[in-house]
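[1] Here's my sequence, what's the structure:
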Amino acid sequence: MTKKNLPLCPVSRTAFIIGSRWTSEIIRELVDHGARRFSDFESALTGIAPNTLSNRLKMLEDHDVISRKIYDSHPPRSEYHLTEKGLKMRPIIDAMRLWGQQSS
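    Residues are numbered from 1 along each chain as shown. Here you go, the predicted structure:
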């Protein structure tokens with residue numbers, strides 16, 4: 001779904017972006033650790049398939065939640081960072097963490 005096809009309801013829009021399997025965990029990794037490489041996500045998110053990770057990163061990038069910085073090195077590498085928009089998700093991730101801890 002493209003940005004212009006997102007639901008009108010703000011809650012539905014947010015749920016669409018972070019509600020996909022693994023997406024909130026990817027954002028949590030960036031909130032907790034800052035810039036991450038693809039391999040960092042693979043190590044931290046046990047069980048995620050590489051194609052799923054790639055798709056989720058692309059979707060978050062398309063929605064301006066994260067940005068990818070490509071380094072001109074050999075071999076080439078890239079890092080993912082939260083954008084200003086993505087940084088505003090910190091309270092959401094913190095609230096989800098707190099709710100999960102209290103619901104155990």
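
[2] Just confirm residue 79 contacts residue 66, I think it does.
    No: Residue 79 is beyond contact range of residue 66, at 10.1 Å (criterion: C-beta atoms under 8 Å). Backbone N, C-alpha and C define where each C-beta goes, glycine included.

[3] So between those two, which is more surrounded?
    Set residue 79 next to residue 66 and count neighbours by other C-beta atoms under 10 Å: residue 66 wins out with 22 against 15.

[4] Not counting its neighbours along the chain, what's nearest the more buried one?
    Leaving aside its sequence neighbours, residue 66 sits nearest to residue 60 (C-beta to C-beta, 6 or more residues apart in numbering; 4.5 Å).

[5] Do I have it right that the one you found meets residue 24?
    No: the criterion here is C-beta under 8 Å, and residue 60 misses it with residue 24 at 10.6 Å.

[6] Neighbour count for the two, which is higher?
    More crowded of residue 60 and residue 24, by other C-beta under 10 Å: residue 60, with 25 against 19.

[7] Alright, calling it a day.
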